[in-house]
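[1] Next input, structure requested:
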Amino acid sequence: MSTTWIIIIALLFLAVLWNSRRNMRRWKERKRRSFRDHYYEKKKEKGPEEKTDRRDNSSDL
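    Okay, here's the model as predicted:
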């Protein structure tokens, strides 16, 4: 009975260890990204769109 508990605890420990390493890898990838550059790239992809004033749209409600 005690060996089954040891196996279960070991499996849970390995699952937590694997998840922690996976999260650290994702965190490091996000840390390297430049959000400002990414924002301007997306803005260029959209292209020039008509800018609407929110005050004009509020009267439609």
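[2] ok, which stretches of this structure are helices?
    2-32, 35-46, 54-57 (DSSP state H).
[3] Which strands or helices does the first one pack on?
    In other words, helix 2-32. Taking 3 or more C-beta pairs under 8 Å, 6 or more residues apart in numbering; DSSP states H and E as the contact definition, helix 2-32 has no neighbouring helices or strands. To be clear about C-beta, it is placed using only N, CA and C from the backbone, and glycine gets the same treatment.
[4] Tell me how many other residues crowd R36.
    Counted with other C-beta atoms under 10 Å, residues neighbouring R36 total 8.
[5] Please report the distance of it from K44.
    Distance of R36 to K44, computed by C-beta to C-beta, to the nearest Å: 13 Å.
[6] what do you get for D37?
    11 Å.
[7] for W5, same thing?
    Counting by C-beta to C-beta, the gap from W5 to K44 is 58 Å.
[8] Next: L12.
    Using C-beta to C-beta, we find L12 at a distance of 47 Å from K44.
[9] Over to K28?
    27 Å.
[10] cool, S2 as well?
    To K44, S2 is 63 Å away according to C-beta to C-beta.
[11] neighbour-wise, which of those two wins?
    K44 (9 against 6).
[12] what sits against that one?
    If you count contacts by C-beta atoms under 8 Å, 6 or more residues apart in numbering, K44 has none.
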